[in-house]
Structures are given as C-alpha cells and as structure tokens.
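*Asks:* Sharing a model prediction with you, sequence too.
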Amino acid sequence: MELSKRKFKDDFKRMLTELYSMDVAQSAVTEQYAALGNLVRSYCSKKWNKTNQHYLDKKKKQAYYFSMEFLLGRMLKSNLLNLDILDTVRTGLKELGIDLSVLEQVEPDPGLGNGGLGRLAACFIDSIATCEIPGHGNGIRFKYGLFKQKFVNGYQVELPENWLQNGNVWETRRLNMAVTVSFYGHVWMEKTKSGYLIPHYEHDQRVLAVPYDTPIIGFKNETVNTLRLWSAEMPPQDESSDYWSYIQQRDRIETISEVLYPDDSNYDGRLLRLKQEYFFVSAGVQSIVRHYRKMNLDMTHLAEKVAMHINDTHPALCVPELMRLLLDDEKMDWEHAWNVTVNVMSYTNHTIMSEALEKWPIEMISTLLPRIYQIIQEIDRRYVLKMSTLFEKEIVERTRIIEGGHVKMAHLAIIGSHSINGVAKLHTAILKEKVLHDFFIIFPSRFNNKTNGITQRRWLMLANEPLSNMICDKIGNDWEATPTELKMLKAFRNDETTLLKLGAIKRENKARFADYVFKTMGIEINPDAIFDVQIKRLHAYKRQLLNLLNIIRLYLNLKDDPTADIYPRVFIFGAKAAPSYTYAKEIIKLINSVATLINNDQEIQGKIKIVFVENYGVSLAERIIPAADVSEQISLASKEASGTSNMKLMLNGAVTLATLDGANVEIRERVGSENIIIFGLTEKEVYQYYHDGSYHAVSYYENNPILKRVLDTLTDGTIQGAEAEGWDIFDSLVKYGDEYFVLRDFEAYVEAQKKIDHLYRDQIKWQRMALINIAGAGVFSSDYTVRQYANDIWDV
Ligand code: GLS
C-alpha cells in the first residue's frame, strides 16, 4: 500500500491519542505496540472487506482449512512486510524515537499449536492469501496456548501460557455471526404417514460458538483472507434461570475453548478433546453453509462453491456434521447428501505413528453426539454393504469406521473425502504401501502427495534480513514472489567474495544469538564454533538421544585428551515434551544434566557446549535458524512424515545432517548428495527389521566398545543428577529393544558427524554447500504447496 513516512507518523500519533490520550513521550512500549497494531489493522481493513465482498459478488469457490492448530507466531512484522510498509514504519518510528524491534517483542507469541502440523497450517494461510486463493482457516481460539516450558533443576515444568492477558490487537469478535453447537441429549424417530422415519434431535447442552476473525494479509497484493477462531460461550439465558447453576454451566462451557491439547503425534482419549473437535467443526460447517445460502444456490451444488479440508483426523467430524445439515436441515436424501459431502471434503494425513490415529469409544461419542453417531453408523453400514460386493470381507472389516467398540477417525475422514494426501513423497508412498494400503486398494485414485512447504517471508525475509538483503544484492528480488528463482544463486558457487560474505553473515547471526544466549541463560558460547541445531518436539522417534550419545562420545574423547583435534561445537536443542510423555521428559532431564557437566568442565576448555533453550516456539525458532550451521534431521527412517524445520534451516544456509526420512529425501534430490550428509538405516531396511525381527540392540552395546563406554556413562555416575533417568534410558536402549534403532545407527551417525567436523574446516567449501542449499530451497515454499492443493484438490 501507499504510505508516506509523514502520514504514518501522523496516524501513529493520532492513534496513541485516541486510544490512550497520550503523546509519544508519555507512552510506554505496550501502548505504542497496541497503537501500532490497531493502526496496521485499520490499514488492511478496507482490503479485507473488499476481498470478502469480491468473493461473495463473484460467487467464488472458497476453501476452508479446518485445523485444530494454527501456530502463527507474532504477526506485527509479518503484517508490515505483507502490506509493504515495513521500511516506512521502521524509519517513521525511529524518527519518533521508537525502536520497532522493541515493539515486536511486546507482542505475545500465540502458541496455538504443538509443532510442525500447526506451523504448517500457519504457513499455508499466509501463502493462500499471497497466492490470491480464496481460502480461510477455521480453528479454535484457545484461551491458553501450548504450555510455557520452564526448566527447574533440569526438569521440564509446564506453566500456563496466557497469551490473551493483554488483549489481542489482530482479532475482531463477531457476535452477530455466532452459531449454536449442541451436545448430549437423544434422538427420537418420527414415523410419517408414508412410512419414512424422520429423526428429531433433542440436545441437552447448547454452546454459543463466537467467531474471532483475524485478517490474513497477502504479500504485496490486494487479498486479505480470514482466520476464524471459535470461542465457546454461554448462550443467552432466560430470566428465570438460577444464578449459581448458570455460573457452573458457564464454566463447563467455557472450558471447551480453554486449552490446547498439549500433545504431538500422540493421543489421549479424553472427552474434552472430542468436545473441542466437534465444537469447532460444527461451528465452522454451520457458518459455511449459512454463507452459501446467502448466494441462493441449490444445496446439491455446494461442492462447486465450497471445499473443506480436514487437517489431520482432528476435524474428521466435518463429514457427519455436513451430512447432518444436509439431511436434517436441507432435507436432502442420503445419496445426494453423501455425494455432496465427499466432493466437498479432502483429508491430509500427517503421521504414521499409530498412537496418533484417533479412535473414540462408541459409548463416549454416542453419548456426547447422539445424532452424529447415528449418521456415522449409517455411513459405516452403507460402506460395508457396498464394499462387500467388491472386495474381500477381511479388507472391508479392516477399513470400516466402527470396529472393536471404537469409531476410527482416519477411516471416517478417508471414506468421506475425495482426496487423501501425505506430506512428502516417502510418507505418501508409505501410506499407500503400508499404513493405508487397504484403503489404497479400495480408493487408489483418491491418494496423492503434497510435499509440505514453508513461507520464505517469515523464515527468510523477516527472520534473516542480512541474508535476505545479500540475496537481493546478488540476484534481485524476483525470488520473493517466485522462490524457485533462488536457484540463480548457484551462479555464485565459485565466487569467493560471495561465499565469504555468506560466511560473514552467518557469523554475524551466530554472534547475535550467542549474545542472546549469554543474556538469557548465562552460557558463554563461541560464535566461531559450529552451531549444530536440533529443534523440534521431543519424541523418541526424532532421536534427540542419538545426538546426545555422540556428544557424550566427544566429551569422553576430550577428557582422554584435552588437546584432541575436535572443531569447537555448540549443540543447540529446543524441544517441548508432552506433559504426560514421561520418557521424553527423562530425555530432557538427561540432556540438561549432560549440559551441566560439559558446560562447566574447565578441562575441555569450552570446545563443546550444549545450549538447551527453554520454551522453544516460533519466536525462538526465528532467532536460532539464521544462526545454524548444521541442521539435525535424524529421525528413524519412515517415522517423520515430512519435517519442516529441515526446509527452514536449509533456506538459511544450514547443511543438513539427515536420515533418508520425510522430506529429507527431496532435499537431497534438490541439493545433490554432495551437499547434504546422509547416514543410517533406510525405510526399507527398517521395515525389513520389523519383518524378520532380527534387530538385537544389546549386541551393538556389547560389540562396539565406544558405544558401550558412552552408554555406561548413563549409569556409572558420570552424569550427575540424572541417575534414575540414566538407568531408564539405558534400559530402554539396551534391555528393552531400542524401539527407534538408536544403537543401530550410532556408528553411521558418528561417521557423519566426523565428516561435518572435517568439511567445516574448509570454509569456502562449506559456504558453497550452504549456498547450494539456499539456492535449492525455493521449491519448498508453501506458495507452491498451496497452489497444488488449490489446483489438484480444492479446485479453487
Ligand atoms: C506432523 C509430522 O510429525 C511432521 O513430520 C510434519 O512435517 C508435520 C506437518 O505435516 O506434521 N504430524 C504431527 O502430528 N505433528 C507434526 O508435526
């Protein structure tokens, strides 16, 4: 948008006066932040309204991305960038004596997601607006985001994350667009004269779903889409209702949108979670259908105007909910309603971890959602009836929705959608060949791959301005809108000046991060060391342990010989563990204890250090990623569906150290095997082990003296303060089978790490690898990913 510095300064001062009756000198940073936020929102409000009007006038088909999680990160700077007023505002504020980077820090980082899945949803809505695709997000306005992580004596402690405490400048509450969501009660059937049965649902609990809309601003264009997050409130009461029962009832209802379920790739069947899922699904589907009605079109054509996307199984109730509206409200017959529903719905699978495949006990779902359960039963009955004529009985039994006393949400999503996609080539192949093989036999044409992506705006232009500027100096700025243009950087692969400059920028970013670490954690780290980064949720399959075992090995080397030729290294971890995931929490404690040991041992002269940042999230990722030299992507092959930190890190010039898992496979295709360090078991070898049961972890312990020595430190008192954890972890690896093949991959990992130590010493060579990685990262832009969803799946 057009905005002069002068106008901005006037607007800003006026906003401060309007909101707080203050001038700049009197105001505090919190007030300045709020004034700026409100101003930015007012700058986009016309476009927002216009976009909506345009969609309505042109009767545009729109896509709705249903997701339990949207891990947005702070929005101020990103909104300024997308409105193309970042520089104007920055210099304008400076002239008023205000530092924009200080105001940025005032904004709370809304942790409305657990990890990759939620962050993907955030990248997607950013890209959808940027690519001018009519598409919106639909989720829950959790009052408390993912817990705040503290380390107390090395243990993870969870604290509430009250991100709304000081309000949220980006959202607009739209009470007039509220809908009612019903729970409990019963269904009775009325028999008509002609013998038809008409269901009547009498609910017991009604919840008012109030939407809070946030504008999602496209990058330097006219599109502003909407992220609609629903909040659960007490519906208006009649005068006669009893005051105390009102308060109790209100508390029960408001809990629904109170807290994000703090888990990732993990499932715990609790009623509240099911309530949350139906709550935002029902609210979203109802409001979409209501909007469609405004266009006065026939309901049987809904799929021509609406696409609903089921992001993982959490919103799978979209299927029976849309059926309910079409059958009960629109009086459509089953066949037509089903046809419409399947054409509207599409589903993404994000993990093969079996504990994440949600299933609900029949008793729970039928009590909470009687009408919905009835519809699921009918979907299941018809599915079995139809498929039994076409496929073997076993396959139909294995794929049906209701089985073994449970409702299987993935099956519901698959049967009710016209498209099912995985999130990386390897992941999709595993779905087809293994995890969802039965469904692939039944619905082969529904399966497709959409490799994940990330937005280059947040993860390069905003997070790493020095690098972003350098890229523009070299190749211009076409890559901002067409990220594959980053490939032009390859022309500089042999240009020493460019490579040295790249190294200097990395050094500058590392120094900045080192400064932050010193200020916040009191740990001194050397910016000339290799910054080796593993940032992701703490989960056994991601194998933070493998990383740790190698660190212990290096430490023992240095203890044997303090002059050992080891290139200085800082191992940086960022990870939250699900509160109920004891083993992951033990690993956190162990890493912290090893950090205490190593960081305080004068004898090794700071050659290796461990930094485990507290409360890892989007904002910390933005600090760490630009400073990373090495990107650790070391999950057991087959287990990481895609990964996205791998993409963010390569985009910032880190070299990937990886197994052939998830999107790492495609990263290698892009950069060539000489610019990525691959090690370890392949997915085929992992499945072979499962097949023949021939893996014996203990033999690796017994036959590899280095590994034995490393593992023994877990139990022999070397690592103080984590004795119990050390034993548990030792046992899990040596005694109880080592589920994720850590010991099997140890030797290969050590060799790969040695290779890094060696390569880094030749800075020209290393920076060339970094450059090739940046140049190859463009294809992993979420702009491309969402275009593929729009073209192949949503048809918008
Ligand atoms: C996840 C996967 O574990 C990641 O590999 C993937 O990148 C992400 C987005 O597709 O989805 N699945 C999940 O439950 N949490 C994730 O981060």
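*Replies:* The structure has been received and is ready for your questions.
*Asks:* who does the longest strand along the chain pair up with?
*Replies:* The strand that spans the most residues within the chain, counting by DSSP state E, is strand 205-217. Looking at strand 205-217 with DSSP bridges, its paired strands and their directions are strand 172-173 (antiparallel), strand 179-183 (antiparallel), strand 224-233 (antiparallel).
*Asks:* I'd like those as CSV, with mean neighbour count, distance to the ligand and mean pLDDT appended.
*Replies:* Every residue, glycine included, has its C-beta placed from N, CA and C. Shown next, in CSV, are those (neighbours: other CB atoms under 10 Å; distance: least, CB to the nearest ligand atom, whole Å; pLDDT from 0 to 100):
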stretch, mean neighbour count, distance to the ligand, mean pLDDT
strand 172-173, 14, 29, 98
strand 179-183, 19, 25, 98
strand 224-233, 24, 18, 98
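*Asks:* May I see those organised as TSV, with distance to residue 566 added?
*Replies:* Compiled in TSV, the strands paired with strand 205-217 are given as follows (distance: least, CB to CB, whole Å):
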stretch	distance to residue 566
strand 172-173	55
strand 179-183	59
strand 224-233	47
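*Asks:* Against residue 92, how distant is residue 4?
*Replies:* Look at residue 4 and residue 92: by CB to CB, to the nearest Å, they are 9 Å apart.
*Asks:* Pick out whichever of these two has more residues nearby.
*Replies:* The residue with more neighbours, out of residue 4 and residue 92 and counting by other CB atoms under 10 Å, is residue 92; that gives 22 against 10.
*Asks:* Confirm for me that the more buried one is in contact with residue 9.
*Replies:* Yes: counting by CB atoms under 8 Å, residue 92 touches residue 9, with 4.9 Å between them.
*Asks:* Report how many residues lie close to the closest residue to the ligand within the stretch 201-350 of the chain.
*Replies:* Ranked by CB to the nearest ligand atom, the top residue of the stretch 201-350 of the chain for proximity to the ligand is residue 350, at 3.5 Å. Other residues lying near residue 350 total 22 when counted by other CB under 10 Å.
*Asks:* From residue 427, how far off is it?
*Replies:* Relative to residue 427, and taking CB to CB, residue 350 is found at 9 Å.
*Asks:* Strand 205-217 and the biggest helix by length in the chain, what's the angle between them?
*Replies:* Ranked by residue count, the top helix of the chain under DSSP state H comes out as helix 29-57. Relative orientation of helix 29-57 and strand 205-217, computed by axes from the mean of the first three to the mean of the last three CA atoms, to 10 degrees: 100 degrees.
*Asks:* so what does the next helix or strand along the chain from helix 29-57 touch, helix or strand wise?
*Replies:* Following helix 29-57 in sequence order, the next helix or strand is strand 62-66 (DSSP states H and E). Using 3 or more CB pairs under 8 Å, 6 or more residues apart in numbering; DSSP states H and E as the contact criterion, the neighbours of strand 62-66 among helices and strands are helix 116-130, strand 135-140, helix 271-294, strand 306-311.
*Asks:* Please tabulate these in TSV, including the columns mean pLDDT.
*Replies:* Putting these into TSV (pLDDT from 0 to 100) gives the following:
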stretch	mean pLDDT
helix 116-130	98
strand 135-140	98
helix 271-294	96
strand 306-311	98
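*Asks:* so can I have CSV of these showing distance to residue 679?
*Replies:* Formatted as CSV, these follow (distance: least, CB to CB, whole Å):
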stretch, distance to residue 679
helix 116-130, 22
strand 135-140, 38
helix 271-294, 38
strand 306-311, 32
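*Asks:* so which of these gets nearest residue 177?
*Replies:* Each of the helices and strands packed on strand 62-66 has some distance to residue 177 by CB to CB; the shortest is helix 271-294, at 6.5 Å.
*Asks:* in that closest one, what's buried?
*Replies:* With burial defined by 16 or more other CB atoms under 10 Å, the residues of helix 271-294 counted as buried are 273-289, 291-292.
*Asks:* And it, how far out from the chain middle?
*Replies:* 22 Å (CA atoms, centre = their mean, to the nearest Å).
*Asks:* What is the burial count for whatever residue of the stretch 651-796 of the chain ends up closest to the ligand?
*Replies:* Minimum separation of the stretch 651-796 of the chain from the ligand (CB to the nearest ligand atom) falls at residue 662, amounting to 5.5 Å. Burial of residue 662, expressed as a neighbour count using other CB under 10 Å, amounts to 30.
*Asks:* Am I right that it is in contact with residue 634?
*Replies:* No: Residue 662 is beyond contact range of residue 634, at 11.2 Å (criterion: CB under 8 Å).
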